[in-house]
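K.L.:
Provided below for reference: sequence and predicted model.
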Amino acid sequence: MPALLSLNACKGPGVPAVLSGPPPVSDQTTMLLHAVTEEQNLIWLYAKASAAHPELALSPLLAEHRQHLAQLSARVVEPPGKKIPGTVTSKPAIGATSAAAVAQLRAAEQRAVKVLLSRLGGASPSLAQLYASVAASEATHVAVLDSLGRPQ
Amino acid sequence: MTSTTPAESDITALQGALAAEHAAVYGYGVVGAMLSGADQAAAHTDWIAHQEARDTLEAMLGKLGATPVAASPAYRLPFTVTDAAEAKALAALLEEGVTQAYLAVVAVRDAALRSFGALAMQPPANRAAAWRGSTVAFPGMPG
């Protein structure tokens, strides 16, 4: 009976946090989790394009995307214990020719830059800087891909 | 840009970017003198880009009611530049400095200024990669 009484006492507006549900995910974290997923999609695309067209030598750009993913994932600090999504949500067919694959990667990088820049306003200063730096890196990838797409 | 009184941090960040652009304008004078042909033409194009960026920042600061920071009469180079390879290394370093300065603008509270800083850091990040001959994962971030 004493145990039942103490549980009843926990109901109502003053419920201790430990007994309430998990806190809602903040908008900033939701955005960050989306950014993580988008980076995973880019990595998947680069890995597939590298396998299909090894002559493009995409490893340095792929390695930088892996660094982006590591930094973005490291910023996911709430809610405690929440698993960072590990699922690739977009698996398009890779261009059959190297030129088509380069054009596909270029378009994906440009999209990624645009999306990252759209997230600056709702982010903390340090997260906004990470988004901007990753976007700048991806903008340099566009230039590299442009040079790959040019006839030698 | 908002019509409210700008935060001191906004002004400080823009002044930092302007100071970096002043240094780049000076530095490219040294870079161009050591290069020839297509490299010199590229350095000239980049030098013009920094002058334009400097003018943009001066105008922005003026609109915010601040006095734009002036260029120094001379700058100490981080290393001696005696050949084309060193000139290219200096160009990359100048671009990295400008990229870093614009990244500081991204940390301000004003959303429009954040976007400005994020967009403005892309050309110097690209130029740094071109002079260096390779990309980096986090342009503007301390290495």
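P.N.:
Looks like it came in fine.

K.L.:
those helices in chain A, which residues are they?
P.N.:
Ranges of helices within chain A are A:2-8, A:27-52, A:59-74, A:98-118, A:125-149, based on DSSP state H.

K.L.:
Flag every residue of chain A that's near chain B.
P.N.:
Within chain A, the positions near chain B by Cβ under 8 Å from any Cβ of the partner chain are A:60-61, A:63-64, A:67-68, A:71, A:113, A:117, A:120-121, A:125-126, A:128-137, A:139-141, A:143-144. To be clear about C-beta, it is placed using only N, CA and C from the backbone, and glycine gets the same treatment.

K.L.:
repeat that for 10 Å
P.N.:
Contacts of chain A with chain B, taken as Cβ under 10 Å from any Cβ of the partner chain, map to A:60-61, A:63-68, A:70-71, A:113, A:116-118, A:120-144, A:147.

K.L.:
Filter those residues down to just the buried residues.
P.N.:
Among those, those scoring as buried are A:61, A:64-66, A:68, A:71, A:113, A:116-117, A:120, A:123, A:127-144 (criterion: 16 or more other Cβ atoms under 10 Å in any protein chain shown).

K.L.:
which element is the spatially most central residue of chain B on?
P.N.:
Residue closest to the average C-alpha location in chain B (Cα atoms, centre = their mean): residue B:98, at 2.8 Å. Residue B:98 belongs to helix B:84-106 when assigned by DSSP states H and E.

K.L.:
Now render the helices of chain A as CSV, adding mean pLDDT.
P.N.:
Conversion of the helices of chain A to CSV gives the following (pLDDT from 0 to 100):
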stretch, mean pLDDT
helix A:2-8, 45
helix A:27-52, 94
helix A:59-74, 97
helix A:98-118, 97
helix A:125-149, 96
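
K.L.:
Output those helices as TSV; include the columns distance to residue B:36.
P.N.:
TSV is the format used below for those (distance: least, Cβ to Cβ, whole Å):
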stretch	distance to residue B:36
helix A:2-8	84
helix A:27-52	37
helix A:59-74	29
helix A:98-118	32
helix A:125-149	22
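
K.L.:
What about residue 49, how many residues nearby?
P.N.:
I'll assume chain A. Residue A:49 has 23 neighbouring residues, counting by other Cβ atoms under 10 Å in any protein chain shown.

K.L.:
could you do chain B instead?
P.N.:
Residue B:49, neighbours per other Cβ under 10 Å, totals 18.

K.L.:
That one against residue B:127, yeah?
P.N.:
Yes: if you go by Cβ atoms under 10 Å, residue B:49 and residue B:127 touch, sitting 7.7 Å apart.
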